[in-house]
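Asker: quick one: sequence and predicted model below, then my questions.
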Amino acid sequence: MSRANVIDLGYLVAAVLFIVGLKGLGRPRTAPRGNLMGATGMLIAVLVTLVDQSILSYQFLAIGLAIGIAIGALLALRVQMTSMPELVALFNGFGGGASVLVAASSFIEINELGNSTGQIAVAAAVTSLVGAMTLSGSMIAFGKLQGRLTWNGFRGLPIVRILVALISLAFAVQIGGFQPEGQLSLWLLIAGGFLLGILCAVPIGGADMPVVIALLNALSGVAASTTGFVLDNSLLIIAGSLVGASGLVLTQIMCKAMNRSLLDVLFGAAPSAVDSGDDIYGDQVTSTSAEEIAMLLEIAERVVIVPGYGMAVAQAQHAVRELMQTLQASDVEVSFGIHPVAGRMPGHMNVLLAEAEIDYEHLLDMDQVNPTFKRADVTIVIGANDVVNPAARNDPDSPIAGMPILDVDDSRTVVVVKRSLSPGFAGIANPLFIADNTLLYFSDAREGILEVTKALTES
């Protein structure tokens, strides 16, 4: 079998593993196997690529591999699960940046050899624009998720954004159509894409970050796919297309879960208000203690736990598992209600609970858990706010009106664990906090849940 046939066969096997692995990721129970299949496919792709005759220097590949392993190991050891959204944003950015570097260098080399074609020029232009936007947009998302970047732009930002987009498109057309040999236009296009990514990401608020991360993931896939056209690499085209398509589907799911269109997220103002907790609620809030919650749980037959970003910040997932196990030891049925946009990235709560070794069979998505709240004796909301706000359902004038929520207020008793009455990302009051069947437990999520579990075991 010739070297070319070995490469083609290896790429075919890798592509099949990517597709089958992606299908496995659609179900929590098969997700680990799907992840392993995808990783195996990538390993095969890398090994097959190494036998390609066009590899110039294995020494540089070894150096890059060593650096990558060191950085990856450091991140794996040091990055907490609460910082996983920031890490995902960085990964998306690095993917876009890598695509830009590969496509630009290959385009320049092809031009110098006089082998440039219209297809290669168009692909290089698209990769440069999309990849640069992904890189800079991801850096902005990282800063906002870290809480270190609070700048939301300036009044004339939409006009500047349109001008930069038009100029960038002009450079892209020039590269792809009229002057495919011009390297200066390529660098100007990359600069324009980088600036455009910043201008698009800066005004987006924290509440829309799950959508932004999903979209950036899709863009990184698009950049990888178009890089495949520059390199004439079928596997890269397939892998990038899979990432781009799945990212776009996930983006649509996130938008639907927030009742916002993608255009609203990117170019509209995020829903917000200026309500401040204590002034809005006054003395209408009913507070409780760990001992009182324990008494409610002692007589409960069914308990639903709704996690939110507050659980992630407090790293309370292990304490939550301990509470679940304590309740199950008393024959209490325990399940978790997961909202699609709870946390800072798609699947954030699922990842945290999986880290605490909570079985996926206990995790119910919004459509599964909402009909069951009427049968719940106690629902414990841990650090969630907007995703359980009944104003989205009952108040047509609310900034989050129409957003699908978890109907926790249908439960017999709702216990909300929060450190304060501060609003969620939308910045609006939550009528749930003053409902007749709601009790507020003011505490750090981890410490509070541990106190409840302690009171439950000692009673």
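Answerer: Received it, and whenever you're ready, just let me know what you need.
Asker: gap between stretch 33-53 and the chain center?
Answerer: Using Cα atoms, centre = their mean, to the nearest Å, the distance from the centre of stretch 33-53 to the centre of the chain it belongs to is 25 Å.
Asker: could you list the buried residues of it?
Answerer: Using 16 or more other Cβ atoms under 10 Å as the test for burial, stretch 33-53 gives 34, 37-38, 41-42, 44-45, 48-49. In short, each C-beta sits where N, CA and C put it, glycine included.
Asker: which members of those are positioned in helices?
Answerer: Per DSSP state H, helices hold the following members of the buried residues of stretch 33-53: 34, 37-38, 41-42, 44-45, 48-49.
Asker: now stretch 171-185: mean pLDDT?
Answerer: Mean per-residue pLDDT for stretch 171-185: 71.
Asker: end to end on that stretch, go ahead and measure it.
Answerer: Chord length of stretch 171-185, first to last residue, is 6 Å (Cα to Cα, to the nearest Å).
Asker: any regions of the stretch 151-300 of the chain where pLDDT drops low?
Answerer: By pLDDT under 70, the low-scoring segments of the stretch 151-300 of the chain are 177-182, 206-207, 268-280, 282.
Asker: hmm, back to that, ok, the ones in helices among the buried residues of stretch 33-53 vs Val452, which is closest?
Answerer: Of all those, Val452 sits closest to Gly34, with 35.8 Å by Cβ to Cβ.
Asker: right, and the closest one touches Gly24 too?
Answerer: Yes. Contact status for Gly34 versus Gly24: in contact at 2.4 Å, counting by Cβ atoms under 8 Å.
Asker: okay, the buried residues of stretch 33-53 in TSV with distance to Glu333 next?
Answerer: Shown next, in TSV, are the buried residues of stretch 33-53 (distance: Cβ to Cβ, whole Å):
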residue	distance to Glu333
Gly34	29
Met37	34
Gly38	35
Gly41	40
Met42	41
Ile44	44
Ala45	45
Val48	50
Thr49	51
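Asker: Val88: which of those residues is nearest?
Answerer: Comparing the buried residues of stretch 33-53 against Val88 with Cβ to Cβ picks out Gly38 as the nearest, at 15.7 Å.
Asker: leaving out the residues flanking it, which one is nearest to that closest one?
Answerer: Excluding the flanking residues, the one nearest Gly38 by Cβ to Cβ, 6 or more residues apart in numbering is Gly21, at 3.5 Å.
Asker: now name the helix or strand holding that neighbour.
Answerer: Using DSSP states H and E, Gly21 falls within helix 3-24.
Asker: give the buried residues for that helix.
Answerer: Under the neighbour-count criterion of 16+ other Cβ under 10 Å, helix 3-24 has 7, 10-11, 13-15, 17-19, 21-22, 24 buried.
Asker: avg pLDDT for that helix?
Answerer: Helix 3-24 shows a mean pLDDT of 88.
Asker: about what we covered before: pretty sure the residue nearest to Gly38 contacts Gly41?
Answerer: Yes. If you go by Cβ under 8 Å, Gly21 and Gly41 touch, sitting 6.4 Å apart.
Asker: only alpha carbons, please: show stretch 130-142 as PDB.
Answerer: Listed next in PDB are the C-alpha coordinates belonging to stretch 130-142 (Å, rounded to 0.1, in the frame of the first residue of the first chain):
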ATOM      1  CA  VAL A 130     -13.100  34.300  10.900                       C
ATOM      2  CA  GLY A 131     -10.000  33.100  12.800                       C
ATOM      3  CA  ALA A 132      -8.900  36.500  13.800                       C
ATOM      4  CA  MET A 133     -12.400  37.400  15.000                       C
ATOM      5  CA  THR A 134     -12.500  34.200  17.000                       C
ATOM      6  CA  LEU A 135      -9.200  34.900  18.600                       C
ATOM      7  CA  SER A 136      -9.900  38.400  19.700                       C
ATOM      8  CA  GLY A 137     -13.600  37.700  20.600                       C
ATOM      9  CA  SER A 138     -12.500  34.800  22.800                       C
ATOM     10  CA  MET A 139     -10.000  37.000  24.600                       C
ATOM     11  CA  ILE A 140     -12.700  39.500  25.300                       C
ATOM     12  CA  ALA A 141     -15.100  36.700  26.500                       C
ATOM     13  CA  PHE A 142     -12.300  35.400  28.800                       C
END
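Asker: run the chain-centre distance for that stretch.
Answerer: Per Cα atoms, centre = their mean, the centroid offset for stretch 130-142 relative to its chain is 14 Å.
Asker: and the strands in the stretch 251-400 of the chain?
Answerer: Along the stretch 251-400 of the chain, counting by DSSP state E, counting those that start in this stretch, strands occupy 302-307, 333-338, 363-365, 378-382.
Asker: who's in contact with stretch 151-165?
Answerer: By Cβ atoms under 8 Å, 6 or more residues apart in numbering, the residues outside stretch 151-165 that reach it are 192, 195-196, 199-200, 202-203, 205, 267.
Asker: these: which two are farthest apart?
Answerer: It's Gly192 and Gly205 that sit farthest apart of the contacts of stretch 151-165, by Cβ to Cβ, at 24.8 Å.
Asker: between these two, which one's more packed in?
Answerer: Neighbour totals were compared for Gly192 and Gly205, and Gly192 leads with 23 against 17 (other Cβ atoms under 10 Å).
Asker: give me the distance between that one and Gly137.
Answerer: To Gly137, Gly192 is 13 Å away according to Cβ to Cβ, to the nearest Å.
Asker: please name the residues that touch Ala223.
Answerer: For Ala223, the contacting residues are 95-96, 99-100, 103, 127, 130-131, 134, 240, by Cβ under 8 Å, 6+ apart.
Asker: how about the contacts made by the residue nearest in space to the middle of the chain?
Answerer: When Cα atoms, centre = their mean is applied to the chain, the residue found nearest the centroid is Met345 (2.9 Å). Neighbouring residues of Met345 by Cβ under 8 Å, 6+ apart: 84-85, 88, 209-210, 213-214.
Asker: how close does it sit to Leu215?
Answerer: Counting by Cβ to Cβ - Met345 and Leu215 are separated by 12 Å.
Asker: just checking, Leu25 touches Gly34?
Answerer: Yes. With contacts counted by Cβ under 8 Å, Leu25 reaches Gly34, the gap being 4.2 Å.
Asker: nearest to Ser335 among the contacts of Ala223?
Answerer: Gly95 (35.7 Å).
Asker: which ones are touching the closest one?
Answerer: For Gly95, the contact set (Cβ under 8 Å, 6+ apart) comprises 134, 220-221, 223-224.
Asker: now do the helices in the stretch 301-450 of the chain.
Answerer: Secondary structure of the stretch 301-450 of the chain by DSSP state H, counting those that start in this stretch: the helices cover 309-314, 317-329, 348-355, 366-369, 391-394, 445-458.
Asker: which of those helices sits closest to Thr150?
Answerer: Closest approach to Thr150 among the helices of the stretch 301-450 of the chain (Cβ to Cβ): helix 309-314, 17.5 Å.
Asker: in that closest one, what counts as buried?
Answerer: Within helix 309-314, the residues that count as buried by 16+ other Cβ under 10 Å are 309-314.
Asker: how about stretch 214-226?
Answerer: By 16+ other Cβ under 10 Å, the buried positions in stretch 214-226 come out as 214-226.
Asker: same check on stretch 435-453?
Answerer: The neighbour-count check on stretch 435-453 (16+ other Cβ under 10 Å) flags 435, 438-441, 443-446, 448-453 as buried.
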